[in-house]
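[1] got a predicted model here, sequence first, then my questions.
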Amino acid sequence: MRHIPRRRFGQHFLVDHHIIAEIIHIICPLPGDRMIEIGPGLGALTQPLLNNLDTLQAIELDRDIVDYLSRNYAEKLVIHNVDALKFDFSALGEGLRIVGNLPYNISTPLLFHLSRFSNLIIDMHFMLQLEVVERMVAQPSTPDYGRLSLMLQNRFEMEQMLIVPAEAFNPPPRVQSAIVCMRPRVVPVIPFGLEKLFGEMVLAAFSQRRKTLRNTLRHYLTIKDFDQLRIDPGLRAENLSLEQYSAITRHIHKIR
Ligand SMILES: C[S@@+](CC[C@H](N)C(=O)[O-])C[C@H]1O[C@@H](n2cnc3c(N)ncnc32)[C@H](O)[C@@H]1O
């Protein structure tokens, strides 16, 4: 089909067959999998996925593309013409495997949206901007470590799998991309009821990266609280581990 890629839908279609084969090998689709593809586009991943699956659910916003997919992949493909950001993934049951070459303009809100369904998910494999993947998997005391790392690492074990050059797409994006694998933790590090507090406190901590925790968390913790937590108030947000943020969250919850 002649389709002019639409920038507002973040359309960069995969065209490199070696890269596509590598991605499918990483995903390892099997008959019986309850798999969902976000943003199938013109089917670069859809067809090879379908070769290995009984059925595939696809979520695609662009109506023209949905028409094309319905005509060409009718048999085993169930298409939802909706915005993935608003989609209720719980409607598809549990044991979900979610994949996609995601539209980069919505990748962060989409990851947060998907986090809400982590208890229904087996794993997720996504193509994202390399820079975003580096922030997702970043460890403490590194420049990429921040709110995104902490919020997602609380719910998922994550691994950067494959770097994909811009030439693998049409049109090529301005940046490099990477495949990330995300597997939900059996139990999140932060208890469900404290996640909102955790998010707000982490936002405050990283609001001014160069400032010390004594400063950025002054509305949450006194020097005595830092003493009790055995955390040096002279450190910066990027120096603390997820476990230390968990201890801070529980402490604030206790003293409030
Ligand atoms: C980067 S392209 C990937 C296309 C195809 N999977 C590929 O690899 O060639 C992203 C796809 O997501 C679709 N899309 C964009 N925003 C979306 C949204 N909010 N919900 C669902 N699909 C969306 C686009 O129309 C496009 O087909």
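    Thanks, I have the structure now. Residues are numbered from 1 along each chain as shown.
[2] now do the same contact list for the most centrally placed residue in the chain.
    In the chain, the residue lying closest to the centroid (CA atoms, centre = their mean) is Leu111, at 3.6 Å. Applying CB atoms under 8 Å, 6 or more residues apart in numbering to Leu111 gives the contacts 126, 136, 148, 152. From N, CA and C alone the C-beta is placed, and that goes for glycine too.
[3] would you say it is within a strand?
    No. Counting by DSSP: H, G, I helix; E, B strand; the rest coil, Leu111 falls outside a strand, being helix.
[4] please name the nearest non-neighbouring residue to Gln153.
    Counting by CB to CB, 6 or more residues apart in numbering, Gln153 lies nearest to Leu242, which is 5.5 Å off, once chain neighbours are set aside.
[5] surely that neighbour meets Asn154?
    Yes. Counting by CB atoms under 8 Å, Leu242 touches Asn154, with 6.4 Å between them.
[6] Thr212 and Leu221, how far apart?
    12 Å (CB to CB, to the nearest Å).
[7] sorry, wrong one. I was asking about Met136.
    27 Å.
[8] those two: which has the busier surroundings?
    A direct count of neighbours by other CB atoms under 10 Å for Met136 and Leu221 places Met136 higher, at 26 against 22.
[9] show me what contacts the more buried one?
    Listed by CB under 8 Å, 6+ apart, the contact set of Met136 reads 111, 128, 148-149, 152-153, 158, 180.
[10] let me know the secondary structure of it.
    helix.
[11] what does Ile231 give?
    Under three-state DSSP, the three-state class of Ile231 is coil.
[12] next one: Ile79
    Going by three-state DSSP: Ile79 is strand.
[13] and the residue nearest to it when sequence neighbours are not counted, what pLDDT?
    The shortest distance from Ile79 to any residue other than its chain neighbours is 5.0 Å, reached at Ala58 (CB to CB, 6+ apart). pLDDT for Ala58: 98.
[14] quick check: beta-bridge partners of Ala58?
    Taking DSSP bridges as the rule, Ala58 bridges to Glu37, Ile79.
[15] pretty sure it contacts Leu42?
    No. Counting by CB under 8 Å, Ala58 does not reach Leu42; the two are 11.9 Å apart.
[16] report the distance from whichever strand or helix holds His18 to the chain centre.
    Secondary structure from DSSP states H and E places His18 in helix 17-27. Taking CA atoms, centre = their mean, to the nearest Å, one finds the center of helix 17-27 at 19 Å from the center of the full chain.
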